[in-house]
Structure formats: structure tokens, C-alpha cells
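Trainee: coords please:
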Amino acid sequence: MVAAGAAATLLKKEDAMKIGFGSDHAGIELKLQLMEHLREKGYECVDYGNYDPNDRGDDYPKPGRAVAEAIMRGEADKGVLVCGTGLGISLAANKVPGIRAAVCSEPYTASMAVRHNNCQIISVGARVVGRELAKVIVDAFFGAEFEGGRHQDRVDMISQVEKDYRGQ
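Mentor: Predicted coordinates:
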């Protein structure tokens, strides 16, 4: 397991990883807290919405898709998504070709999402985890590195499933 503080090393401005953030109304407060947490560690943070906590019609698939597409286009390196449970917004992100988004409620799964599955997006539930636990979860995610090897073979298999169903 990667130590929670592994991502605490400050990055140089030119080396700063660009992180895309997205949320629905339920996740705005936690999203903003996580953005500040990662900015303090030297990450560049870009908000892809939602911006209004009173907008109950904000449709979580929109920011989930926006963050995933930003990663696909190379505009962001990784992403953080937040909705009530973390699930709905991650489902939308996972529909974007090549994207692997993991919903995590504890740090071990967040680390393994990167180490074994090379996930680009972490998703958390604002109604599931508190602010401090969410920080530990994203620290574990950003502190982990993909191990490759046999895990690359499995990631390739996941990508093949996606390719097999395109156009059907």
C-alpha cells in the first residue's frame, strides 16, 4: 500500500500534473476542498463544472464526460470526480473510450486503481466519505504508480473489450 503522504512532495510548476475536476451539485463543496488540497501540493487544477450547489438539474454525466474527454484529448493528465456516491459520474466517464475511472471509498482501492488498472480518474462520493478521508483517498491515488507487466496485459484486455463493442 502506498503511504497516504506519498503525494505530499511539492511539484515544480513546469512539472505540475494537470488535474481535471468535475462534480454535480452534491459534490461541489468536496470538489473545491480537494482542488485546494491538491493545489497546495503543487498540482494544477481545472474545474469542468458544476459550479452551482443549488442547481439540482445539473446532470452528473456532463462533468464526468467533460473530465474524461479532457484526459482523452491530452488537456488534463488525470481527473477527480465527485457526486453523491461517486458512482453515477464515474459511469459517464467510463463510457469515454480509453478512460478508466474508479469509485473509491478508502485509500487501498485508490492506490490499486492506479497500480494494477492504470486508472486515470478517481471518483468519490460526497455523501459517502468525509473531507479528510477524501484527501487521504486522492493522496493514495496520486501517490501510486502503474506497475505494468502482467497488469498491462489485463489493462490491454479491458481495452480490447471496448474495441470489440465499438460500432455495434
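
Trainee: low-confidence stretches in the protein?
Mentor: Counting by pLDDT under 70, the ranges of the chain that qualify are 1-14, 167-168.

Trainee: go again with 90.
Mentor: 1-16, 51-58, 165-168 (pLDDT under 90).

Trainee: what segments of it are helices?
Mentor: Secondary structure of the chain, counting by DSSP state H: helices at 28-40, 61-73, 87-94, 107-115, 131-143, 150-165.

Trainee: nearest to residue 49, out of those?
Mentor: Nearest to residue 49, of all these, is helix 61-73, at 4.6 Å by Cβ to Cβ. Where C-beta positions appear, they are placed from N, C-alpha and C, glycine not excepted.

Trainee: got a markdown table for the helices of the chain, with mean neighbour count and distance to residue 22 too?
Mentor: Supplementary listing: these in a markdown table, determined by neighbours: other Cβ atoms under 10 Å; distance: least, Cβ to Cβ, whole Å:
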| stretch | mean neighbour count | distance to residue 22 |
| --- | --- | --- |
| helix 28-40 | 18 | 7 |
| helix 61-73 | 22 | 3 |
| helix 87-94 | 23 | 7 |
| helix 107-115 | 21 | 17 |
| helix 131-143 | 21 | 14 |
| helix 150-165 | 11 | 21 |
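
Trainee: got those as TSV, with distance to residue 18 columns?
Mentor: TSV is the format used below for the helices of the chain (distance: least, Cβ to Cβ, whole Å):
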stretch	distance to residue 18
helix 28-40	11
helix 61-73	9
helix 87-94	16
helix 107-115	17
helix 131-143	12
helix 150-165	22
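
Trainee: which of those helices sits closest to residue 124?
Mentor: Nearest of these (Cβ to Cβ): helix 131-143, 5.1 Å.

Trainee: what about stretch 37-55, start to end distance?
Mentor: Its start and end residues considered, stretch 37-55 measures 25 Å (Cα to Cα, to the nearest Å).

Trainee: got the contact list for residue 145?
Mentor: Applying Cβ atoms under 8 Å, 6 or more residues apart in numbering to residue 145 gives the contacts 114-115.

Trainee: against residue 30, how distant is it?
Mentor: Going from residue 145 to residue 30 by Cβ to Cβ, to the nearest Å gives 25 Å.

Trainee: for residue 51, see how far away residue 102 is.
Mentor: Using Cβ to Cβ, residue 102 is found at 25 Å from residue 51.

Trainee: hmm, back to that, closest one to residue 17 among the helices of the chain?
Mentor: Shortest distance between residue 17 and these, using Cβ to Cβ, is found for helix 131-143: 7.6 Å.

Trainee: of residue 102 and residue 51, which one has the most company?
Mentor: Each of residue 102 and residue 51 has its neighbours counted (other Cβ atoms under 10 Å); residue 102 has more, 22 against 14.

Trainee: I'm done for today, thanks for sticking with me.
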